[in-house]
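Visitor: starting from these lines, generate the structure:
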Amino acid sequence: MNKKGKEKLRNLLIGAMLTALGILIPLIMPVRVIIGPASFTLASHVPVMIAMFFSPFMAAMVALGTTFGFFLSIPVPTIWLRALSHVLFVLIGAYIMKKKPNLIKQKMKFQLFNFVLALIHSLAETAVVFGFYTLGFAHMDSASLFNLLLLIGIGGIVHSMIDMNIAFVLANSLSKAFSIDVFENAKRHFTQNKKVKAI
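Guide: Residues are numbered from 1 along each chain as shown. Coordinates of the predicted model:
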């Protein structure tokens with residue numbers, strides 16, 4: 001098997017392990033807050049966020065796998081749909097990191113990126129819940145719906161930012177043991193900039 005084939009196989013195995021973790025976390029994580037259709041499970045986004053450091057394709061596949069994990073563990077359709085909406089933010093985030101890998105070396109820019117990504121993540125989940133209730137799949141009075149949307153919106157931003165920081169720390173540690181695309185590209189970018197400055 002050539003180098004490219006080995007790399008594809010390695011990424012397939014890593015994606016499968018991250019998907020398995022994404023399915024397992026909602027099943028076993030003891031720290032979970034469920035308020036109606038709102039659910040916040042500590043580290044539930046971490047596997048899909050780690051996949052973002054590899055490629056947009058892996059991130060999307062792991063997001064679909066973790067949706068299946070929520071389907072198995074929590075019998076609430078809005079939570080399944082919220083998990084499915086993760087495909088949007090992980091594709092955007094993974095694509096940006098692929099194009100601008102040096103983000104991970106700049107703390108303030110990375111946190112700004114994290115916030116913008118959390119905002120997209122939260123807006124997508126809020127839109128899913130809003131649609132679910134306003135299209136008549138379930139019923140809730142307008143004051144309760146507003147409170148729920150506020151909870152999902154603000155809680156989602158905080159939850160997403162915490163999980164992304166956990167994912168970054170784990171991916172950064174793992175990148176010292178084996179190759180992770182965004183970290184490798186950031187090193188190359190840093191080396192190239194150093195050479196240009198030296199000239």
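Visitor: quick check: closest non-adjacent residue to the residue nearest in space to the middle of the chain.
Guide: For the chain, the residue nearest the mean C-alpha position is Met49 (3.5 Å; Cα atoms, centre = their mean). Leaving aside its sequence neighbours, Met49 sits nearest to Ala167 (Cβ to Cβ, 6 or more residues apart in numbering; 3.5 Å). Heads up, the C-betas are built off the backbone N, CA and C, glycines and all.
Visitor: next: Val62.
Guide: Ala51 (4.0 Å).
Visitor: after the helix or strand that contains the one you found, next one along is what?
Guide: Ala51 belongs to helix 46-52 when assigned by DSSP states H and E. For helix 46-52, the following helix or strand on the C-terminal side (DSSP H and E) is helix 56-73.
Visitor: what sits up against that following helix?
Guide: For helix 56-73, the external contacting residues (Cβ atoms under 8 Å, 6 or more residues apart in numbering) are 11, 14-15, 18-20, 22-27, 39, 44, 47-48, 51-52, 79-80, 82-84, 86-87, 90-91, 93-95, 98.
Visitor: buried stuff in that helix?
Guide: 56, 58-67, 69-71, 73 (16 or more other Cβ atoms under 10 Å).
Visitor: how about low-confidence regions in the protein?
Guide: Under the criterion pLDDT under 70, the flagged ranges of the chain are 30-39, 136-140, 143, 145, 190, 192-199.
Visitor: what's the neighbour count on Lys8?
Guide: When neighbours are counted by other Cβ atoms under 10 Å, Lys8 registers 12.
Visitor: from Gly22, how far off is it?
Guide: Per Cβ to Cβ, to the nearest Å, Lys8 is found 21 Å from Gly22.
Visitor: tell me where this protein has helices.
Guide: Using DSSP state H, the helices assigned to the chain run over residues 3-28, 46-52, 56-73, 77-84, 86-99, 107-134, 142-175, 181-198.
Visitor: tell me the most buried of the ones you listed?
Guide: For the helices of the chain, ranked by mean neighbour count under the definition mean count of other Cβ atoms under 10 Å, the leader is helix 46-52 at a mean of 29.
Visitor: tell me the helices and strands packed up against it.
Guide: helix 3-28, helix 56-73, helix 86-99, helix 142-175 (3 or more Cβ pairs under 8 Å, 6 or more residues apart in numbering; DSSP states H and E).
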